[in-house]
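Q: no sequence on this one, just coordinates:
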């Protein structure tokens, strides 16, 4: 079933942005939930928009699911691994290209997580999930008038 938008009898593809946490913020169980969610978010006729994160996780899983489903992809890679001149511009490209943007995050750090931790997501000031650059991208998409959806896996949100 094609999920494209019909405009004057013509099927217009939808650009589905999918962003979220890097791989090490997931457990085996939350990864399984995330991948299943990605499968439900993508449909025939869609085009995936994502950021090819070198740390794995949502971006890469979304690409893998799109490949399995035969869905086209538009992947924006950062020019470098810095905020300015790299991630910020890449995230803006994702927000601009997406018709709808989904941010997939987890509620809490996994028990074996090693890395910087925060008590809340400083991008959106929420305490119901851990920090995610995807929240920054989601906020930009919303400011551009795009449809956005936050998906929180774990905690009281399952």
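A: Yep, it's here. Bear in mind that the values here come from a model prediction, so they are computed numbers and not experimental data. Residues are numbered from 1 along each chain as shown.
Q: Can you pull the phi/psi pair for residue 18?
A: Here is the backbone geometry of residue 18 (degrees, to the nearest 10): phi -130, psi 120.
Q: So it is in contact with residue 102, correct?
A: Yes. Between residue 18 and residue 102 there is a contact at 5.0 Å, judged by C-beta atoms under 8 Å. Every residue, glycine included, has its C-beta placed from N, CA and C.
Q: Would you mind grabbing the residues shared as contacts by the two?
A: residue 41 (C-beta atoms under 8 Å, 6 or more residues apart in numbering).
Q: Could you confirm residue 103 falls within a strand?
A: Yes. Looking at residue 103 with DSSP: H, G, I helix; E, B strand; the rest coil, it is inside a strand.
Q: what about it, neighbour count?
A: Here the number of neighbours of residue 103 (other C-beta atoms under 10 Å) works out to 27.
Q: next one: residue 143
A: Using other C-beta under 10 Å, the number of residues around residue 143 comes to 10.
Q: Could you check how far residue 74 is from residue 80?
A: Residue 74 is 20 Å from residue 80, where distance means C-beta to C-beta, to the nearest Å.
Q: higher neighbour count, the two?
A: Neighbour count, other C-beta under 10 Å: between residue 74 and residue 80, residue 74 has more, with 15 against 12.
Q: Tell me who's in contact with the more buried one.
A: Taking C-beta under 8 Å, 6+ apart, we find residue 74 in contact with 15, 47, 48, 49, 50, 97.
Q: for it, phi and psi?
A: The phi/psi pair for residue 74 (degrees, to the nearest 10) reads phi -120, psi 110.
Q: Roughly how far does it sit from residue 120?
A: Residue 74 is 31 Å from residue 120, by C-beta to C-beta.
Q: Check residue 145 too.
A: Residue 145 sits 27 Å away from residue 120, going by C-beta to C-beta.
Q: Kindly list the main-chain dihedrals of the spatially most central residue of the chain?
A: For the chain, residue 19 is the residue whose C-alpha lies nearest the centre (C-alpha atoms, centre = their mean; 1.4 Å). Here the main-chain torsion angles of residue 19 (degrees, to the nearest 10) amount to phi -130, psi 170.
Q: Would you pull up how far whichever helix in the chain runs longest lies from the middle of the chain?
A: Counting residues, the longest helix in the chain under DSSP state H turns out to be helix 28-41. In terms of C-alpha atoms, centre = their mean, to the nearest Å, the centre of helix 28-41 is set 12 Å apart from its chain centre.
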